[in-house]
Every structure is written in structure tokens, then in C-alpha cells.
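1. After the sequence you'll find the predicted model.
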Amino acid sequence: MYRVCIVLLLMAIALPAFAYIDPNAGGYISQLLAPILMIAATGLTFFRRRIASAFRWLRERISPVRD
């Protein structure tokens, strides 16, 4: 967790880039991200029961029900 905080803080520091970014680059990025997000959502939809049962099994394994 400590490393994640350090990485996030380092990413938050704004340094001048001295570069030109094409205004249409946002369209290109959205064209890349949209299919990736759709594939991830489809995968979660198809495998949601299997994922839920895996988490349920993991929860039961970590903290078994006591009688």
C-alpha cells in the first residue's frame, strides 16, 4: 500500500512537457478504451456466477462458519 501511495504522489507532480498533443488525441484514446471496457464488461457478465462462487469459496476458506 505504501508503494502505491508513493507512485500516485509521483504521478501527481506536474512537470512541463514541452510537447504538442494533437487535439484529436482524445478521440484516439476513446477509440482504444471503449472496446477494452466493453470486453471487460462482457467478460464480467458471462463469468459473474463463476467469479461470485470463487469469492464465496475464498471467503469461506478464510473465515469458516463456526457452529
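-> Cool, got the structure.
2. next structured bit after the helix or strand harbouring Thr45?
-> Take DSSP states H and E as the rule and Thr45 turns out to sit in helix 25-46. Toward the C-terminus, helix 25-46 is succeeded by helix 48-62 as the next helix or strand (DSSP H and E).
3. and Phe18, which of the three is it?
-> Using DSSP: H, G, I helix; E, B strand; the rest coil, the structure places Phe18 in coil.
4. Need the phi and psi values for it.
-> Per-residue torsions, Phe18: phi 50, psi 40 (degrees, to the nearest 10).
5. pLDDT score assigned to it?
-> Phe18 is assigned a predicted lDDT (pLDDT) of 80.
6. Kindly report the same for Ser30.
-> For Ser30, the model assigns a pLDDT of 87.
7. for Pro35, same thing?
-> We have a pLDDT of 95 for Pro35.
8. residues near it, how many?
-> Residues within reach of Pro35, counting by other C-beta atoms under 10 Å, total 9. Any C-beta I mention is one placed from the backbone N, CA and C, and that applies to glycine too.
9. ok so, going back, which other helices and strands does the helix holding Thr45 contact?
-> Packing contacts for helix 25-46, counted by 3 or more C-beta pairs under 8 Å, 6 or more residues apart in numbering; DSSP states H and E, involve no helix or strand.
10. in that helix, what counts as buried?
-> Within helix 25-46, no residue is scored as buried using 16 or more other C-beta atoms under 10 Å.
11. Repeat that for stretch 9-16.
-> Within stretch 9-16, no residue counts as buried by 16+ other C-beta under 10 Å.
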